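> sequence below, structure please.
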Amino acid sequence: MTNELDMPGAEMLAELKEKLAGEQVDLLLSRVRHAVRDLLDRSGVTQQLGAENFHTRTIDGVLAYLGKYQK
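Numbering: from 1, shown residues only. The predicted model follows:
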């Protein structure tokens, strides 16, 4: 958790998502602070990462992952 994120950091998150996707790994984020989420929203990074990959609580991210991959 951080209260600070700048545009280069936001862009690096988008790049990380692409790299991980190439390895068939999902990037899920939890407990993203409002100021950081606002920056990600305004910069279009939220759309690149997928709003469904943001979770209020870490357990929600874990459950989303398990629901997607556990059959």
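
> hey, where'd the strands end up in this structure?
Counting by DSSP state E, the chain has strands at residues 29-30, 54-55.

> show me what the last one is packed against.
Under the contact criterion of 3 or more CB pairs under 8 Å, 6 or more residues apart in numbering; DSSP states H and E, strand 54-55 touches strand 29-30. Backbone N, C-alpha and C define where each C-beta goes, glycine included.

> packing partners for the strand it packs on?
By 3+ CB pairs under 8 Å, 6+ apart, strand 29-30 packs against strand 54-55, helix 58-69.

> distance-wise, check Gly9 relative to Leu49.
13 Å (CB to CB, to the nearest Å).

> wait, Met1
According to CB to CB, Met1 stands 17 Å off from Leu49.

> counting neighbours, go ahead and name the busier of these two.
Taking neighbours as other CB atoms under 10 Å, Met1 and Leu49 compare with Leu49 leading, 20 against 7.

> surely that one and Leu28 touch.
No - applying CB atoms under 8 Å as the test, Leu49 and Leu28 come out as separate, 9.2 Å apart.
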